[in-house]
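>>> The following block contains a protein sequence and its predicted model.
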Amino acid sequence: KPLRQMGYFKRPWKMTAEGQWIDEIDGRNFSTEFSHSRFCVWEIARRNNLKGWTLFVDCDFLFLDDIANCFDYLVDRYALMCVKHNYKKEGSKMDSMKQEAYPKKLWSSFMFINTNHASNNELTLEEINKWDGRKLHNFEWLLEHEIGTIGEEWNYIPGHTKLIGGSPKAVHFTEGGPWLEGYESVEYAEEWRREQRHMKAAQGRLIL
């Protein structure tokens, strides 16, 4: 809503009686209110004269490491960096929202955008509000060599990601988190509950 009030985001939506969002630009299903508005991050940074790297991350992540450490992986020659998942699932995900497959699915769930890279000037509010959603999620304003890779430990999907050595630094509960019925025992559910308890205990006081 704030992005609409500020004039950044104007894509028309509708919601079915079953609670499914449908984008009226491309007619496709989508599952969250930030499915398309995430791409406004670059424009927000530009208008606030912020330089360097800016990050968008979905709301269903659990960080097991300091996000500041991920900035060590960023390389300035890239316009955008992300975990390049090979994720082909369709059907329903959390809250019974329908999902569709596309080549770079989930790449935009955790993405760093380089505000200093000239190619990102091609991503204007006009494109964000008028392009087919798949063009946005497939980063079609960029060339393939302008998209850098971050290790999968920073966008670990329970039941999907297979790490070779090491452990997750950020868990992405894209298929359903432990706060939802039927996902109470998903991988890393106890770590999520422990963090939830910590946050509740921290209300009204500072924990160092």
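That came through, no problem.

>>> Send over stretch 67-74 as PDB, restricted to the C-alpha atoms.
Coordinates of the C-alpha atoms in stretch 67-74 are reproduced here as PDB (Å, rounded to 0.1, in the frame of the first residue of the first chain):
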ATOM      1  CA  ILE A  67      23.600 -11.100   6.600                       C
ATOM      2  CA  ALA A  68      26.600  -8.700   6.600                       C
ATOM      3  CA  ASN A  69      28.800 -11.700   5.800                       C
ATOM      4  CA  CYS A  70      27.000 -12.200   2.500                       C
ATOM      5  CA  PHE A  71      28.200  -8.800   1.300                       C
ATOM      6  CA  ASP A  72      31.700 -10.300   1.100                       C
ATOM      7  CA  TYR A  73      30.600 -12.300  -1.900                       C
ATOM      8  CA  LEU A  74      29.500  -9.400  -4.000                       C
END
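
>>> residues of it that come out buried?
The neighbour-count criterion (16 or more other C-beta atoms under 10 Å) identifies C70 as the buried residues of stretch 67-74. (Each C-beta comes from the backbone N, C-alpha and C, glycine too.)

>>> Rounded mean pLDDT for that stretch, please.
Averaging the model's pLDDT scores along stretch 67-74 yields 94.

>>> next one: stretch 105-120
96.

>>> Same check on stretch 8-24?
84.

>>> End to end on it, go ahead and measure it.
17 Å (C-alpha to C-alpha, to the nearest Å).

>>> Need the residues that contact that stretch.
With C-beta atoms under 8 Å, 6 or more residues apart in numbering as the test, stretch 8-24 has contacts from 3-4, 25, 28-33, 35-37, 40, 43-44, 95-98, 125, 128-129, 133.

>>> Check stretch 180-196 too.
When contacts are defined by C-beta under 8 Å, 6+ apart, stretch 180-196 is touched by residues 62, 64, 94-95, 158-159, 168, 171, 173, 175-179.

>>> on that earlier part again, now the buried members of the contacts of stretch 8-24.
3, 28-32, 35-37, 40, 43, 97-98, 128-129, 133.

>>> Which one of those is nearest to N121?
Minimum distance to N121 across those is 10.5 Å, recorded for E43 (C-beta to C-beta).
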